[in-house]
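>>> Below is the sequence, then the predicted model.
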Amino acid sequence: MQFVIITGLSGAGKSQAMKIMEDIGYYCMDNLPPSLIPKFIDLYIQSKDRIKEVALVVDIRGGKFFNDLFENLDELKADGYEYKILFLDCDDSVLVHRYKELRRPHPLNPQGSIIEGINKERNLLEEVKKKSDYIINTSNFTTGMLKEEIKKLFLEGKEVDNFIVSISSFGYKYGIVIDADLVFDVRFLPNPHYVDELRPMTGNDQKVKDYVMKWNETKVFVDKLTDMIDFLIPFYIKEGKMQLMIAIGCTGGKHRSVTIANYLYEYLKSNGHKVAINHRDSYKRKA
């Protein structure tokens with residue numbers, strides 16, 4: 001079992017680190033009192049489906065129990081369980097800025113100055129920091145940078161790709177897809193609605209697909225669309241984004257948007273990406 005303790009200064013990014021550990025396959029638990037760590041391991045031993053990788057966030061929120069951290073970790077080591085400690089640090093000026101931005105008091109000095117609370121916490125965590133296996137200063141880190149650093153430390157050369165592209169077709173007459181990252185309007189393409197034979201069908205039907213895809217403007221558009229998506233995806237991944245939501249819209253969400261969404265789905269899938277697709281409005285009513 002790979003067992004990691006995540007700790008460090010309040011505001012330095014422990015919650016974000018926990019989310020990243022979850023993304024790379026760790027079972028994570030937040031704010032576990034150190035005294036419960038051995039009991040947690042006992043439950044792990046007794047479980048049928050054993051978790052191979054575990055990360056626990058342990059910090060000053062545990063109050064007086066935090067002082068027992070090394071006593072409980074020594075108990076684990078005596079039982080043959082190895083662990084690593086990841087310590088998240090941050091410059092005082094950056095921490096003060098983060099607290100002011102969120103308008104939160106420091107947990108160790110809720111009625112006083114933020115910097116006094118930070119100093120108290122640094123003193124309490126001094127021994128933990130000295131015994132930590134890894135220390136990351138997050139002062140100048142983006143989420144993507146923190147993710148890359150954690151992957152270097154804990155993936156040991158393994159590649160974990162949880163990035164997924166979700167594609168949705170929609171009709172503007174029913175409203176835009178509100179959680180979309182990228183929205184493309186294909187109402188400029190020739191409309192099958194005005195072809196009597198095609199009107200009752202959707203972009204899932206071969207005849208509609210053939211009609212939409214036969215035009216030169218469609219061919220140019222999908223070439224430019226796929227080229228841009230290929231360009232953007234690595235940068236979204238680099239910044240730590242786990243899902244990219246792409247919405248393709250036409251008037252009723254039945255013909256053109258469905259066809260183009262299906263085309264993009266097949267293209268990305270053939271290039272090894274994890275892809276999901278949803279045709280939000282294709283069967284709401286006759287266009």
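Cool, got the structure.
>>> Packing partners of the helix or strand where residue 225 lies?
Using DSSP states H and E, residue 225 falls within helix 216-238. Using 3 or more C-beta pairs under 8 Å, 6 or more residues apart in numbering; DSSP states H and E, the elements in contact with helix 216-238 are helix 206-213, strand 243-250, helix 256-270. For glycine as for every other residue, the C-beta is placed from the backbone atoms N, C-alpha and C.
>>> Surely residue 106 touches residue 96?
No - with contacts counted by C-beta atoms under 8 Å, residue 106 stays clear of residue 96, the gap being 9.2 Å.
>>> the more surrounded of the two?
residue 106 (23 against 17; other C-beta atoms under 10 Å).
>>> Show me where the protein dips below the pLDDT cut-off.
Applying pLDDT under 70 to the chain flags residues 1, 45, 47-51, 61-68, 156-162, 240, 285-287.
>>> and the gap between the spatially most central residue of it and residue 231?
The structure's the chain has its C-alpha centroid closest to residue 242; by C-alpha atoms, centre = their mean the separation is 4.0 Å. As judged by C-beta to C-beta, to the nearest Å, residue 242 and residue 231 stand 19 Å apart.
>>> Please work out which of the helices and strands packed on helix 216-238 is packed deepest.
Comparing those by mean neighbour count (mean count of other C-beta atoms under 10 Å), strand 243-250 comes out on top with a mean of 24.
>>> Now do that one: distance to the chain's middle.
18 Å (C-alpha atoms, centre = their mean, to the nearest Å).
>>> What pairs with it, parallel or antiparallel?
Strand 243-250 has the following strand partners under DSSP bridges: strand 164-171 (parallel), strand 182-185 (parallel).
>>> Domain map for this structure?
As recorded under automatic domain parsing, the domains making up the chain are 2-154, 164-279.
>>> all strands for this protein, in order.
In the chain, the strands defined using DSSP state E lie at 2-8, 27-29, 53-57, 84-89, 134-137, 164-171, 182-185, 243-250, 274-279.
>>> right, and those strands - which one's nearest residue 21?
strand 53-57 (4.3 Å; C-beta to C-beta).
>>> you'd agree residue 203 is up against residue 263?
No - look at residue 203 against residue 263 with C-beta under 8 Å: they stay out of range, at 9.2 Å.
>>> okay, now the residue lying closest to residue 269 once chain neighbours are set aside: neighbour count?
Once flanking residues are discounted, residue 269 sits nearest to residue 275: 5.0 Å by C-beta to C-beta, 6 or more residues apart in numbering. When neighbours are counted by other C-beta under 10 Å, residue 275 registers 19.
>>> quick one: residue 275 and residue 265, what's the gap?
Look at residue 275 and residue 265: by C-beta to C-beta, they are 5 Å apart.
>>> Between the two, which contacts overlap?
Common neighbours of residue 275 and residue 265, counting by C-beta atoms under 8 Å, 6 or more residues apart in numbering, are residue 167.
>>> hmm, back to that, same list (the strands of the chain) but as a markdown table, adding distance to residue 144.
Below are these laid out as a markdown table (distance: least, C-beta to C-beta, whole Å):
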| stretch | distance to residue 144 |
| --- | --- |
| strand 2-8 | 18 |
| strand 27-29 | 19 |
| strand 53-57 | 19 |
| strand 84-89 | 16 |
| strand 134-137 | 14 |
| strand 164-171 | 17 |
| strand 182-185 | 18 |
| strand 243-250 | 14 |
| strand 274-279 | 19 |
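>>> tell me which residues form a beta bridge with residue 5?
In this structure, residue 5 bridges to residue 56, residue 85 when assessed by DSSP bridges.
>>> got the contact list for it?
Taking C-beta under 8 Å, 6+ apart, we find residue 5 in contact with 55, 56, 58, 69, 73, 83, 84, 85, 86.
>>> Run a quick neighbour tally on the fourth one.
Using other C-beta under 10 Å as the criterion, residue 69 is surrounded by 22 other residues.
>>> which residue sits closest to it, ignoring its sequence neighbours?
Leaving aside its chain neighbours, residue 69 sits nearest to residue 34 (4.2 Å; criterion: C-beta to C-beta, 6+ apart).
>>> if I read this right, that neighbour contacts residue 74, doesn't it?
No - Residue 34 lies out of contact with residue 74 (C-beta under 8 Å); the separation is 10.9 Å.
>>> Tell me which of the two has more neighbours.
Between residue 34 and residue 74, counted using other C-beta under 10 Å, the more crowded position is residue 34 (21 against 10).
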